[in-house]
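Engineer: following is a predicted model, sequence given first.
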Amino acid sequence: MNNLLLLTLGIVSVTLASEEIQGLMIWKVLNTILLVALLAWIIKKWGVAFFENRRKSIASMVEEAQKAQEESRKALEDAKAKLEDAKMKFEESLKIAEETAKKEREIAVKEAQEMAERIKSQAKDTIMVEIKRGENELRKYAVHKAIEISEKIVKEKINPEVEKEIILKSLKSIS
């Protein structure tokens, strides 16, 4: 308030010094004092409350911003922790998948080898059967050819009289 009074006196003294003293001058001084007093009263009544409310509002916004920042930090830390957890789970899942794939590959290779061995064994057995069948057919063919050749030789060398004798001997030996 003292500052306001000093300011008013300063304005009045400057006004008085700049003009000649006249009757109207007093009214100008009174109007100036009245204007300054009215401005002081308006500022004191509403200005101080306005600036105080504004200060409180800003302080509350700063507090809210700090709370929001703290919540954001916590959320960021939680997100980082979840990300790390997800990375670890992903790596574990990847490792398990690789191990499973390796085991399945080994099992598939083992099964393929066993199947190949069975196929080889079956092929060997089939080959052996076919060889025996071929040998039997060759024997039959050889016997058949030998009989044909023998018959041919016998037919050429045996005449009908010798043939009758052989037949009679054979019949006697059977009976």
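Structural biologist: The structure has been received and is ready for your questions. Residues are numbered from 1 along each chain as shown.
Engineer: contacts only, for residue 42.
Structural biologist: Contacts for residue 42 (Cβ atoms under 8 Å, 6 or more residues apart in numbering) come out as none. (C-beta placed from N, C-alpha, C; glycine too.)
Engineer: and it, how far from residue 55?
Structural biologist: 19 Å (Cβ to Cβ, to the nearest Å).
Engineer: check residue 37 too.
Structural biologist: Distance from residue 37 to residue 55, counting by Cβ to Cβ: 26 Å.
Engineer: flag the shaky bits of the chain, pLDDT-wise.
Structural biologist: Under the criterion pLDDT under 70, the flagged ranges of the chain are 1-24, 156, 158-159, 175.
Engineer: let's see that with 50 instead.
Structural biologist: Applying pLDDT under 50 to the chain picks out no residues at all.
Engineer: could you pull out the helices for it?
Structural biologist: In the chain, the helices defined using DSSP state H lie at 2-18, 23-42, 48-157, 160-174.
Engineer: tally of neighbours for residue 59?
Structural biologist: Per other Cβ atoms under 10 Å, the neighbour tally for residue 59 reads 10.
Engineer: likewise for residue 47?
Structural biologist: Using other Cβ under 10 Å, residue 47 has 13 other residues around it.
Engineer: how about stretch 141-160 as PDB, C-alpha atoms only?
Structural biologist: Presented in PDB, the C-alpha positions along stretch 141-160 are these (Å, rounded to 0.1, in the frame of the first residue of the first chain):
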ATOM      1  CA  TYR A 141      14.500-126.400 -69.100                       C
ATOM      2  CA  ALA A 142      17.700-128.300 -68.900                       C
ATOM      3  CA  VAL A 143      15.900-131.500 -67.900                       C
ATOM      4  CA  HIS A 144      13.400-131.000 -70.700                       C
ATOM      5  CA  LYS A 145      16.200-130.300 -73.200                       C
ATOM      6  CA  ALA A 146      18.100-133.300 -72.000                       C
ATOM      7  CA  ILE A 147      15.000-135.500 -72.400                       C
ATOM      8  CA  GLU A 148      14.500-134.200 -75.900                       C
ATOM      9  CA  ILE A 149      18.100-134.800 -76.800                       C
ATOM     10  CA  SER A 150      18.000-138.200 -75.200                       C
ATOM     11  CA  GLU A 151      14.900-139.100 -77.000                       C
ATOM     12  CA  LYS A 152      16.400-138.000 -80.200                       C
ATOM     13  CA  ILE A 153      19.500-139.900 -79.600                       C
ATOM     14  CA  VAL A 154      17.600-143.000 -78.500                       C
ATOM     15  CA  LYS A 155      15.300-142.800 -81.500                       C
ATOM     16  CA  GLU A 156      18.200-142.600 -83.800                       C
ATOM     17  CA  LYS A 157      20.000-145.500 -82.200                       C
ATOM     18  CA  ILE A 158      17.200-147.800 -81.200                       C
ATOM     19  CA  ASN A 159      15.300-149.700 -83.700                       C
ATOM     20  CA  PRO A 160      11.900-151.200 -83.100                       C
END
